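Student: Please work out how this folds:
(2 chains)
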Amino acid sequence: EAQVTQNPRYLITVTGKKLTVTCSQNMNHEYMSWYRQDPGLGLRQIYYSMNVEVTDKGDVPEGYKVSRKEKRNFPLILESPSPNQTSLYFCASSVSSGQGYEQYFGPGTRLTVT
Amino acid sequence: AQSVTQLGSHVSVSEGALVLLRCNYSSSVPPYLFWYVQYPNQGLQLLLKYTSAATLVKGINGFEAEFKKSETSFHLTKPSAHMSDAAEYFCAVSDRSNTGKLIFGQGTTLQVKP
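Tutor: Residues are numbered from 1 along each chain as shown, chains lettered A, B, ... in the order given. Here you go, the predicted structure:
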């Protein structure tokens, strides 16, 4: 089954404790992206990757890191989480970064930073 | 800059009634537009997309949307609401900067009353 998986689905952590949210897709997609969802704001892009070893900042990259060492994986790293990073996070992938291509979303990771 | 506005953060309809979720976009060039649905505790699923072919787009689960350039709108409709349609709906436009980014509206929660 074609899908995007994320782990963990739920995470409660404390300020400053490094964490990684994993994202994997089995569709051989070139393009992957991370979004955060906050009430009343919709989804905002954090980072994106056009292909292996090619990543760039989205609209809200502060406090986050990513890597793309393999085509299927695109982990999101929070080196020193803060309470304002409490949010619902979605990973997405697409055949291409070109316009009009459908993005496939993972199930989401709900992160709480206390 | 492109933007999307969804009118009404909450919409409530009775089962069997017409569903109308409003979306207006701002774009200086013909846009690529999407509607996604998010069921509780799930990721986003594509309902339909407009990519400059037919202005009336049919999607899954009986939903459709009409692109109206003169009104810069892409409203989502369904003739008869079902209880299973209760979810959050997002309108999005493809960013023209070739980042692959989707620009999302704030979302509309649809409640269906029996």
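Student: in its sheet, what does the lowest-mean-pLDDT helix or strand in chain B sit against?
Tutor: When the helices and strands of chain B are scored by mean pLDDT, DSSP states H and E, strand B:102-104 comes last with a mean of 90. Counting by DSSP bridges, the strands paired with strand B:102-104 are strand B:87-94 (antiparallel).
Student: and chain B, which of its residues are near chain A?
Tutor: B:4, B:9, B:32, B:34, B:36, B:41-46, B:49, B:51, B:90, B:92, B:94-96, B:98-102, B:104-107 (Cβ under 8 Å from any Cβ of the partner chain). Where C-beta positions appear, they are placed from N, C-alpha and C, glycine not excepted.
Student: Try it again at 7 Å.
Tutor: Proximity of chain B to chain A, by Cβ under 7 Å from any Cβ of the partner chain, involves residues B:32, B:42-44, B:46, B:49, B:51, B:90, B:94, B:96, B:98-102, B:104-107.
Student: what lines up beside the longest strand along chain A in the sheet?
Tutor: Ranked by residue count, the top strand of chain A under DSSP state E comes out as strand A:42-51. Using DSSP bridges, the strands paired with strand A:42-51 are strand A:31-38 (antiparallel), strand A:54-57 (antiparallel).
Student: now the helix or strand following the least confident helix or strand of chain B, how far from the centre of its chain.
Tutor: For strand B:102-104, the following helix or strand on the C-terminal side (DSSP states H and E) is strand B:108-113. Distance of strand B:108-113 from its chain centroid, counting by Cα atoms, centre = their mean, to the nearest Å, is 13 Å.
Student: Excluding its own residues, what touches strand B:108-113? List them.
Tutor: B:6, B:8-15, B:19, B:21, B:81-83, B:85-89 (Cβ atoms under 7 Å, 6 or more residues apart in numbering or on different chains).
Student: Just to be sure, which of these are found in helices?
Tutor: Secondary structure from DSSP state H places none of those in helices.
Student: What segments of chain A are helices?
Tutor: Taking DSSP H as the criterion, chain A carries no helices.
Student: Can you name the residues of it sitting close to chain B?
Tutor: So chain A meets chain B at A:31, A:33, A:40-43, A:45, A:48, A:58, A:90, A:94, A:97, A:99-100, A:102-103, A:105-108 (Cβ under 7 Å from any Cβ).
Student: buried subset of the residues you listed?
Tutor: A:31, A:33, A:42-43, A:45, A:48, A:58, A:90, A:94, A:97, A:99, A:103, A:105-108 (16 or more other Cβ atoms under 10 Å in any protein chain shown).
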